[in-house]
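Colleague: need a 3D model of the following:
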Amino acid sequence: MKKFLIVVGFLAFSQASFGQISNINMNGAPARLNSYSEIEGSPYLFEDWAKADIGLSNAGLKENVAYKLNIHDNELEVINEAGNKIYLNKEYIEYALLERPSILLAEGEEGMLTRLLFKKGYDMIKGVKEQELVNVIAEGKKYDLVRRFYSDLVTPPKNSYAPTAGRMFVFEESFYLIDKNDNVSSVRNRTKNIVKSLNKEDQDVAKKIIKEGNLNLSREDHIVIFFQKLNEA
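Modeller: As a prediction, this is how the structure comes out:
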């Protein structure tokens, strides 16, 4: 279980303009010139550039870094001080707080988090690699709840309306509940499903927290509140 806690969920969205990043030393490789022009959909979590605060073991905290997260290749692409696009070396990434683009917050579902915490080290989840960055929604002494974003590249079956079958990215989102013994359960972001997936000794407390707080665990902000209280109980 992760012991390093970062409060996520109610941080103000920064409106700072994009510009050159000064006094920054980030290790990485030049972003590959992949061509996605003939592929429908996107390999990125968010299509627009946004800002991130990134904790690096070799360079400390870097704030307001322009980023895009390629969830197909699981690469964090940033713009360095020279204005070049690079993929950060994940060996040095301790965590990344990624801001959602403001347009998505304005048009998205109620309760969306303004920032998303990404960390690695969740390879106890089947299919997740040791260096893979996943979205940590909640973490504590009893439970972690993490979300894996992925953009799968598929080739749809050829049909009578298309002479050739084109390729497309298909967005995927999976949630995993991890208890203090590193037992992993695949869950849905629904109140009943999450409560049912908890250890039996925690289910009554969980129901009480939900009732007293009038919580809906399909909302990201309510999930954060719920697990904060459950992990403290």
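Colleague: now residue 98, which residues is it bridged with?
Modeller: residue 52, residue 116 (DSSP bridges).
Colleague: shouldn't it be in contact with residue 71?
Modeller: No - applying Cβ atoms under 8 Å as the test, residue 98 and residue 71 come out as separate, 11.2 Å apart. Where C-beta positions appear, they are placed from N, C-alpha and C, glycine not excepted.
Colleague: intersection of neighbour lists for these two?
Modeller: Counting by Cβ atoms under 8 Å, 6 or more residues apart in numbering, the shared contacts of residue 98 and residue 71 are residue 45.
Colleague: give me the residues contacting stretch 180-189.
Modeller: 1, 124-126, 141-143, 145, 174-178, 193-194, 197, 217-218, 223.
Colleague: now the buried members of those residues.
Modeller: Among the contacts of stretch 180-189, the ones that count as buried by 16 or more other Cβ atoms under 10 Å are 125, 142-143, 145, 174-178, 193-194, 197, 217-218, 223.
Colleague: so which of those belong to strands?
Modeller: Per DSSP state E, strands hold the following members of those: 143, 145, 174, 175, 176, 177, 178.
Colleague: show me the helices in this protein, by range?
Modeller: 102-107, 191-197, 200-213, 220-232 (DSSP state H).
Colleague: need these in JSON lines (columns: mean pLDDT and distance to residue 53).
Modeller: What follows is these, written out as JSON lines (pLDDT from 0 to 100; distance: least, Cβ to Cβ, whole Å):
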{"stretch": "helix 102-107", "mean pLDDT": "89", "distance to residue 53": "16"}
{"stretch": "helix 191-197", "mean pLDDT": "98", "distance to residue 53": "28"}
{"stretch": "helix 200-213", "mean pLDDT": "98", "distance to residue 53": "28"}
{"stretch": "helix 220-232", "mean pLDDT": "98", "distance to residue 53": "18"}
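Colleague: among those, which is nearest residue 94?
Modeller: helix 220-232 (20.4 Å; Cβ to Cβ).
Colleague: next, the angle from the closest one to helix 200-213.
Modeller: 130 degrees (axes from the mean of the first three to the mean of the last three Cα atoms, to 10 degrees).
Colleague: now for helix 220-232, which elements pack on it?
Modeller: strand 134-138, strand 143-154, helix 200-213 (3 or more Cβ pairs under 8 Å, 6 or more residues apart in numbering; DSSP states H and E).
Colleague: so which elements touch the second one?
Modeller: Which is strand 143-154. Counting contacts by 3+ Cβ pairs under 8 Å, 6+ apart, strand 143-154 packs against strand 134-138, strand 168-179, helix 220-232.
Colleague: what are the buried residues along the longest one?
Modeller: Meaning helix 220-232. For helix 220-232, the neighbour count (16+ other Cβ under 10 Å) marks 220, 221, 222, 223, 224, 225, 226, 227, 228, 229, 230, 231 as buried.
Colleague: how close does the first one sit to residue 226?
Modeller: Spelled out, that is residue 220. From residue 220 across to residue 226, the span is 11 Å (Cβ to Cβ, to the nearest Å).
Colleague: which residues does the residue nearest the centre of the chain bridge with?
Modeller: Residue closest to the average C-alpha location in the chain (Cα atoms, centre = their mean): residue 135, at 2.9 Å. Beta bridges link residue 135 to residue 118, residue 147 when assigned by DSSP bridges.
Colleague: can you tell me how far it is from residue 181?
Modeller: Relative to residue 181, and taking Cβ to Cβ, residue 135 is found at 22 Å.
Colleague: one step back: can you convert the ones in strands among the buried ones among the contacts of stretch 180-189 into a markdown table and add a column each for pLDDT?
Modeller: Shown next, in a markdown table, are these (pLDDT from 0 to 100):
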| residue | pLDDT |
| --- | --- |
| 143 | 98 |
| 145 | 98 |
| 174 | 97 |
| 175 | 98 |
| 176 | 98 |
| 177 | 98 |
| 178 | 98 |
